[in-house]
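*Asks:* Below is the sequence, then the predicted model.
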Amino acid sequence: MDEERYGEFVVVRRHGERVAELVLDRPAAMNAVSTAMSASIAAACGALAADRAVSVVVLTSSNEKAFCVGADLKERNALSDEELGRQRPLSRAGYTGVLELPMPAVAAVHGYALGGGFELALSCDLIVGDPTTVVGLPEVSVGVIPGGGGTQLLPRRVGAARAAELIFTARRVPVGEAVALGLVDRLAAPGEDARTAALALAETIAGHSPVGLRAAKRALRLGQGVDLRAGLEVEDAGWRTVAFSSDRAEGVAAFTESRRPIWPA
């Protein structure tokens, strides 16, 4: 298995030809997101975004009890107001890196995903959980607000009122309720953990057209928050991207020949 490290706290592993696993690897701190870790996430996502061989990214954790418990509050407590202001763009870069991945991204949430940790998961397209999963945005309980996209991404998932209730109460949501509310999209099978389930899901997704997957994600993302007419224009642009591509030619040929497609590199 190919593996590449980005700084001290992020590892990227390759699974087969088209799946990449981005591992949050600060287990001693339950993956609390420090400035250095944010920079590593951003760097890893930048490299993955530019890699045309990658069709799906799976975001996982090396910690057995937590996906990510959020921002490194110990680090932030030591910063002056001026230093905190300078740190803010660096902190945002990690979340933006995940959110702007051009290919489908799947979060494998095993254990706690709280605050910034849940925001990393929300920045993905799909979230897979297991019986250990607990999610939440508790920022108002420590005098801040979700700052990694939570106030914008959560209502897009569950609606404004539900997002307000979850953010204002700062409560932790166990996996059963999280699935029911749409905070988690898929639950691992009995005896399976979130990482195993997410990697299997990624392999299924990665079997499809790389050009199609990227175009579909772009259309889904850009179509949010616009009226139907504008959304259909976004969709048409995506269709034109794939309709005249070598992926479409191979996909149609494979279908008519009753074989699995061999997507161009």
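*Replies:* Looks like it came in fine.
*Asks:* Centre-most residue in the protein?
*Replies:* Computing the C-alpha centroid of the chain and ranking residues by Cα atoms, centre = their mean puts residue 124 first, at 2.3 Å.
*Asks:* Show the contacting residues for that one.
*Replies:* Taking Cβ atoms under 8 Å, 6 or more residues apart in numbering as the contact definition, residue 124 lies against 59, 98, 105-107. Glycine gets a C-beta too; all of them are placed from N, C-alpha and C.
*Asks:* State the three-state secondary structure for it.
*Replies:* Following DSSP: H, G, I helix; E, B strand; the rest coil, the label given to residue 124 is coil.
*Asks:* just to revisit the earlier point, sitting in helices, which of the contacts of residue 124 do you find?
*Replies:* Taking DSSP state H as the definition of helices, those contribute residue 98.
*Asks:* Closest one of the contacts of residue 124 to residue 45?
*Replies:* Of all the contacts of residue 124, residue 45 sits closest to residue 98, with 5.8 Å by Cβ to Cβ.
*Asks:* does that closest one really touch residue 117, like I thought?
*Replies:* No: the pair residue 98 / residue 117 is not scored as a contact, 11.6 Å apart, by Cβ atoms under 8 Å.
*Asks:* Can you show me the strands along the stretch 151-265 of the chain?
*Replies:* 173-174, 186-187 (DSSP state E, counting those that start in this stretch).
*Asks:* want to try a markdown table for those strands, with mean neighbour count and mean pLDDT as columns?
*Replies:* A markdown table is the format used below for the strands of the stretch 151-265 of the chain (neighbours: other Cβ atoms under 10 Å; pLDDT from 0 to 100):
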| stretch | mean neighbour count | mean pLDDT |
| --- | --- | --- |
| strand 173-174 | 18 | 98 |
| strand 186-187 | 17 | 97 |
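*Asks:* So what touches stretch 220-234?
*Replies:* For stretch 220-234, contacts defined as Cβ under 8 Å, 6+ apart pick out 125, 156, 218-219, 235.
*Asks:* If we use 6 Å, what do you get?
*Replies:* With contact meaning Cβ atoms under 6 Å, 6 or more residues apart in numbering, stretch 220-234 is reached by residue 219.
*Asks:* Would you check how far apart the residue nearest to the centre of the chain and residue 57 are?
*Replies:* Distance of residue 124 to residue 57, computed by Cβ to Cβ, to the nearest Å: 8 Å.
*Asks:* Residue 77 too?
*Replies:* Residue 77 is 32 Å from residue 57, where distance means Cβ to Cβ.
*Asks:* The two - which one has more neighbours?
*Replies:* residue 57 (26 against 8; other Cβ atoms under 10 Å).
*Asks:* surely residue 172 meets residue 135?
*Replies:* No: here residue 172 lies out of contact with residue 135, judged by Cβ atoms under 6 Å, at a distance of 7.3 Å.
*Asks:* Comparing the two, which residue is more hemmed in?
*Replies:* When neighbours are counted by other Cβ under 10 Å, residue 172 and residue 135 differ, and residue 135 comes out ahead with 26 against 17.
*Asks:* I figured that one hits residue 113, correct?
*Replies:* Yes: counting by Cβ under 6 Å, residue 113 is a contact partner of residue 135 at 4.8 Å.
*Asks:* and residue 201, what does it touch?
*Replies:* Each residue near residue 201 by Cβ under 6 Å, 6+ apart is listed here: residue 106.
*Asks:* if I look at it, how far off is residue 164?
*Replies:* According to Cβ to Cβ, residue 201 stands 30 Å off from residue 164.
*Asks:* Can you spell out which helices and strands pack onto the helix or strand of the chain with the lowest mean pLDDT?
*Replies:* Within the chain, judged by mean pLDDT, DSSP states H and E, the helix or strand with the poorest mean is helix 73-77; its value is a mean of 90. Taking 3 or more Cβ pairs under 6 Å, 6 or more residues apart in numbering; DSSP states H and E as contact, there are no helices or strands that helix 73-77 lies on.
*Asks:* between residue 124 and residue 57, what contacts are shared?
*Replies:* residue 105.
*Asks:* returning to that earlier point: check the offset of the least confident helix or strand of the chain from the chain's centre.
*Replies:* Its chain's C-alpha centre lies 24 Å from the corresponding centre of helix 73-77 when counted by Cα atoms, centre = their mean, to the nearest Å.
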